[in-house]
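S.K.: I'll drop the sequence and a predicted model, then ask my questions.
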Amino acid sequence: MILQPQVGVGIMFWRDGKVLAGKRKGLHGEGCYGWPGGHLELGESIADCVRREALEETGLEVHGFSVACVYNMVAHDRHYLDIEVSVSSYSGEPVVMEPDRIESWDWYDIDNIPTPMFAACTQAVRAVRIPGASFRIIDSNLQDISYIGEDGYMPSL
């Protein structure tokens with residue numbers, strides 16, 4: 001049993017205004033819809049983790065990304081500091097590389113992702129919907145939500 005928070009990374013792939021999502025299986029959050037992602041390995045950079053997890057789970061090669069939000073997730077019987085990234089620069093077509101962990105990959109309109117959604121993905125969707133916000137920090141109680149806007153300030157919402 002792990003007695004401290006872990007670091008997770010979620011990868012929102014975008015194509016024609018839609019995001020890539022699939023139904024999780026055999027993992028925490030089983031039955032929830034979410035995007036590719038996983039654990040940050042010891043000594044690994046966030047960029048390397050994003051590239052590795054994307055390739056391992058979808059076969060997609062990431063060329064660049066931006067951070068959508070950081071979420072202190074206490075859900076699905078786990079505690080993670082979760083970094084959700086947004087990717088629109090990549091190559092390849094999504095393939096289910098881990099059929100024991102995901103049923104299929106499909107492209108969904110951000111407002112029509114099937115439910116239930118994996119907790120971190122729900123917060124990433126909320127983060128990308130804030131006009132003018134370039135980065136968002138979300139605490140586990142969902143009450144303490146703040147963001148860094150394009151002007152560099154971090155006002156409380």
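M.R.: Right, received. Where do you want to start?
S.K.: longest helix in the protein, please.
M.R.: Counting by DSSP state H, the longest helix found in the chain is helix 46-58.
S.K.: so who does Val87 touch?
M.R.: Val87 sits next to Ile11, Met12, Phe13, Trp14, Val50, Ala54, Val62, Gly64, Phe65 when contact means Cβ atoms under 8 Å, 6 or more residues apart in numbering. Yep, even glycine has a C-beta here, placed from its N, CA and C like the rest.
S.K.: can you rerun that using 6 Å?
M.R.: Counting by Cβ atoms under 6 Å, 6 or more residues apart in numbering, Val87 touches Ile11, Phe13, Val62, Phe65.
S.K.: is it true that the first one touches Ala54?
M.R.: Spelled out, it's Ile11. Yes - taking Cβ atoms under 6 Å as the definition, Ile11 is a contact partner of Ala54 at 5.4 Å.
S.K.: tell me which residues in the strand or helix carrying Met12 are buried?
M.R.: If you go by DSSP states H and E, Met12 is part of strand 6-15. The neighbour-count check on strand 6-15 (16 or more other Cβ atoms under 10 Å) flags Gly8, Val9, Gly10, Ile11, Met12, Phe13, Trp14 as buried.
S.K.: residues making contact with whatever helix or strand comes next after that strand?
M.R.: Downstream of strand 6-15, the first helix or strand assigned by DSSP H and E is strand 18-23. Here strand 18-23 makes contact (Cβ under 6 Å, 6+ apart) with 12-13, 33, 35, 94, 102-105, 107-110, 113.
S.K.: ChimeraX command to pick out the buried ones of these?
M.R.: The buried residues among the contacts of strand 18-23 can be selected in ChimeraX (16+ other Cβ under 10 Å) with this line:
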select :12,13,33,35,94,102,105,113
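S.K.: and the contacts of strand 18-23, which is closest to Glu84?
M.R.: The nearest member of the contacts of strand 18-23 to Glu84, counting by Cβ to Cβ, is Met12 at 6.5 Å.
S.K.: where's the closest one relative to Ser86, distance?
M.R.: Met12 sits 5 Å away from Ser86, going by Cβ to Cβ, to the nearest Å.
S.K.: check Tyr108 too.
M.R.: 15 Å.
S.K.: likewise Glu93?
M.R.: From Glu93 to Ser86 the distance is 19 Å (Cβ to Cβ).
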